[in-house]
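> Provided below are the primary sequence and the corresponding predicted coordinates.
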Amino acid sequence: RKEVEQDPGPFNVPEGATVAFNCTYSNSASQSFFWYRQDCRKEPKLLMSVYSSGNEDGRFTAQLNRASQYISLLIRDSKLSDSATYLCVVNNQAGTALIFGKGTTLSVSS
Amino acid sequence: EPEVTQTPSHQVTQMGQEVILRCVPISNHLYFYWYRQILGQKVEFLVSFYNNEISEKSEIFDDQFSVERPDGSNFTLKIRSTKLEDSAMYFCASSGGDGTEAFFGQGTRLTVV
């Protein structure tokens, strides 16, 4: 099983749509979870950390299910500027590295 | 806003040559990382560095790679004898704590010809 798995997409949605991305991770000892965003040929940028209780930042909501080793990201009211690749990131068992999924590509159209 | 800076933004080198990629992490951060991303592929972990020593390295980080923090601000990645397959975007990152979010530089695109 791959360390961090994501549906690669692409997800093609109209403006205003709600879209959800899923991610599973293999290491049950992982303690830190994040969603990053990467635009084409740019560096990954932190979107939000993911906490056990779930957390929300404006139109973005992240959920963590430790029992299922599953992380989700919900984007409400999609904007054109949300078009990017969304990377699920989990730390390794020792906490010494962040491990990236391959990313899910989102394309929002008008 | 503090940021991680990397130089050069693009480097072209001949196969077999040595390259040094440079990074200035965020000033109060203690944990430093190098990642690489081959075009169209995922971001891959290379190495993490804390307290002047390597904390973790991946299988990719073989004897051809080395890292150094030569002074209080710079963090470098050296590839001793570049191969064609080393062509990739190399990202430096830093974080303030163990397992906390990391902030990435804009990357160095390395092209080996």
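Thanks, I have it.
> Find the helix or strand that the nearest residue to A:W35 once chain neighbours are set aside is a member of.
Nearest residue to A:W35 in three dimensions, chain neighbours excluded: A:L47, at 4.4 Å (C-beta to C-beta, 6 or more residues apart in numbering or on different chains). Any C-beta I mention is one placed from the backbone N, CA and C, and that applies to glycine too. Assigned by DSSP states H and E, A:L47 belongs to strand A:45-49.
> for the residue nearest the centre of chain B, helix, strand, or coil?
For chain B, B:W34 is the residue whose C-alpha lies nearest the centre (C-alpha atoms, centre = their mean; 3.2 Å). Secondary structure assignment for B:W34 (DSSP: H, G, I helix; E, B strand; the rest coil): strand.
> Which parts of chain A are strands?
Counting by DSSP state E, one finds strands in chain A at the ranges A:4-6, A:11-14, A:19-25, A:33-38, A:45-49, A:55-57, A:60-65, A:70-75, A:84-91, A:98-100, A:104-109.
> who does the first one touch, helix- and strand-wise?
Using 3 or more C-beta pairs under 8 Å, 6 or more residues apart in numbering or on different chains; DSSP states H and E as the contact criterion, the neighbours of strand A:4-6 among helices and strands are strand A:19-25, strand A:84-91.
> Format those as a markdown table; extra columns: mean neighbour count, distance to chain B and mean pLDDT.
Below are the helices and strands packed on strand A:4-6 laid out as a markdown table (neighbours: other C-beta atoms under 10 Å in any protein chain shown; distance: least, C-beta to the nearest C-beta, whole Å; pLDDT from 0 to 100):
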| stretch | mean neighbour count | distance to chain B | mean pLDDT |
| --- | --- | --- | --- |
| strand A:19-25 | 19 | 13 | 96 |
| strand A:84-91 | 24 | 5 | 97 |
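> Please identify which of those is closest to A:F34.
Closest approach to A:F34 among these (C-beta to C-beta): strand A:84-91, 4.3 Å.
> thinking again about what came up before, relative to strand A:60-65, how tilted is the strand holding A:L47?
Here strand A:45-49 runs at 60 degrees with respect to strand A:60-65, directions being taken by axes from the mean of the first three to the mean of the last three C-alpha atoms, to 10 degrees.
> Buried residues, strand A:45-49. List them.
Applying a neighbour-count criterion of 16 or more other C-beta atoms under 10 Å in any protein chain shown, one finds A:L47, A:M48, A:S49 buried in strand A:45-49.
> closest to chain B among the residues you listed?
Nearest to chain B out of the buried residues of strand A:45-49 is A:S49 (C-beta to the nearest C-beta; 5.9 Å).
> Quickly list what that closest one is bridged to.
A:F34 (DSSP bridges).
> Show the contacting residues for it.
A:S32, A:F33, A:F34, A:N55, A:A62, B:E101 (C-beta atoms under 8 Å, 6 or more residues apart in numbering or on different chains).
> which strand residues sit across from the nearest residue to A:L80 once chain neighbours are set aside in the sheet?
Closest residue to A:L80 apart from its sequence neighbours, by C-beta to C-beta, 6+ apart: A:V108 at 5.3 Å. Legend: beta-bridge partners of A:V108 under DSSP bridges are A:V13.
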